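only geometry, no sequence info:
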């Protein structure tokens, strides 16, 4: 059996349609080399053949906003069908991967498929609009929709997630990334929040030239996240406790993307959420609260967010 997947969309600076498709289908050396994504070609060409393929998923259809991009994508990852409209995939595919990271496109592109009962994975961040989050929530709960950053599955954090590092009493968690909070804050929230023993309760913005925020957890532990703007690629998590201090640089994109796609495949097979819905909602609500905190320069409580959903 093959689960036919449709790959939807492109957004500036985001090569996920190429990387995700290559991880699932494998790739054409010539096609990927000339795709315009040298970084993706570099890391897929260093992987062993046994690392490609995700369950019975097969990307069979692709659409982007530009026919030339769609042709490059199909050539790079041996995708059989380029379509001229996203809804051309209705009735032709069993699942959708919406690989754009501009959140304003997510609801209109995903809606026809979710309403048709087709499982959808949406690239991060799902949304920064509370009304849209309310619309998406039933689909998250039913296991028809999955959305996260691949850093939720970063292998560099495996030992920490498994409780194999005794940090003692947690004092501070720090996360540092490039770009800004709105677009990249979700990476570190998805990496850090699942490791925390309690849930976020508020977000505050700190003074500074870059986006710098403190997420306060229920147990009083602060999570300090800095988005440094245009700097060299950096995805760092630091965990500081009474017994041990750890620092993790997340660099293995291939592994975390493959794990993310594997989780989506298992969600399709099992028909239940791969990620506990509360965790997804905590990430997006914290992201929205952080955006509000940056705009208003005031602490934003997450208490009222539950009433809005």
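On my side now, so go ahead. Source: prediction; values computed, not measured.

from now on I want contacts and neighbour counts done on CA atoms only, so please keep to that.
Fine.

helices of the stretch 1-150 of the chain, start to end?
Taking DSSP state H, counting those that start in this stretch as the test, the helices found in the stretch 1-150 of the chain are 16-25, 29-33, 38-45, 67-77, 106-115, 130-142.

contact partners of the longest helix along the chain?
Longest helix of the chain, by residue count under DSSP state H: helix 277-296. Helix 277-296 has contacts (Cα atoms under 8 Å, 6 or more residues apart in numbering) with 125-130, 137, 140-141, 147-148, 181-182, 185-186, 189-190, 193-194, 199-200, 202-205, 211, 213, 215, 299-302, 305.

show the buried residues in those.
125-128, 137, 140-141, 147-148, 181-182, 185-186, 189-190, 193-194, 199-200, 202-205, 211, 213, 215, 299-302 (16 or more other Cα atoms under 10 Å).

re earlier: so which of the helices of the stretch 1-150 of the chain is nearest residue 51?
Checking the helices of the stretch 1-150 of the chain against residue 51 by Cα to Cα gives helix 16-25 as the closest, at 7.8 Å.

wouldn't residue 132 be in contact with residue 107 here?
Yes. Counting by Cα atoms under 8 Å, residue 132 touches residue 107, with 7.2 Å between them.

state the distance from residue 239 to residue 166.
11 Å (Cα to Cα, to the nearest Å).

quick one: which of those two has more around it?
For residue 239 versus residue 166, the count of surrounding residues by other Cα atoms under 10 Å is larger for residue 239: 19 against 14.

skipping adjacent residues, who's closest to the more buried one in space?
Nearest residue to residue 239, sequence neighbours excluded (Cα to Cα, 6 or more residues apart in numbering): residue 173, at 4.7 Å.

so for the strand or helix carrying the one you found, what gets flagged as buried?
Residue 173 belongs to strand 170-177 when assigned by DSSP states H and E. Under the neighbour-count criterion of 16+ other Cα under 10 Å, strand 170-177 has 170, 172-177 buried.

among the residues you listed, which one sits closest to residue 11?
residue 177 (19.6 Å).

my guess is that closest one meets residue 227, correct?
Yes. The pair formed by residue 177 and residue 227 meets the contact definition of Cα under 8 Å, at 4.9 Å.

quick one, which of the helices of the stretch 1-150 of the chain is nearest to residue 259?
Closest approach to residue 259 among these is made by helix 16-25 (10.2 Å; Cα to Cα).

hey, what's the angle from the closest one to helix 38-45? Just curious.
10 degrees (axes from the mean of the first three to the mean of the last three Cα atoms, to 10 degrees).

any idea how far helix 16-25 is from the chain center?
Offset of helix 16-25 from its chain centre (Cα atoms, centre = their mean, to the nearest Å): 14 Å.

now do that helix: which elements does it pack against?
If you count contacts as 3 or more Cα pairs under 8 Å, 6 or more residues apart in numbering; DSSP states H and E, helix 16-25 packs onto strand 3-8, helix 38-45, strand 57-63, helix 67-77, helix 253-270.
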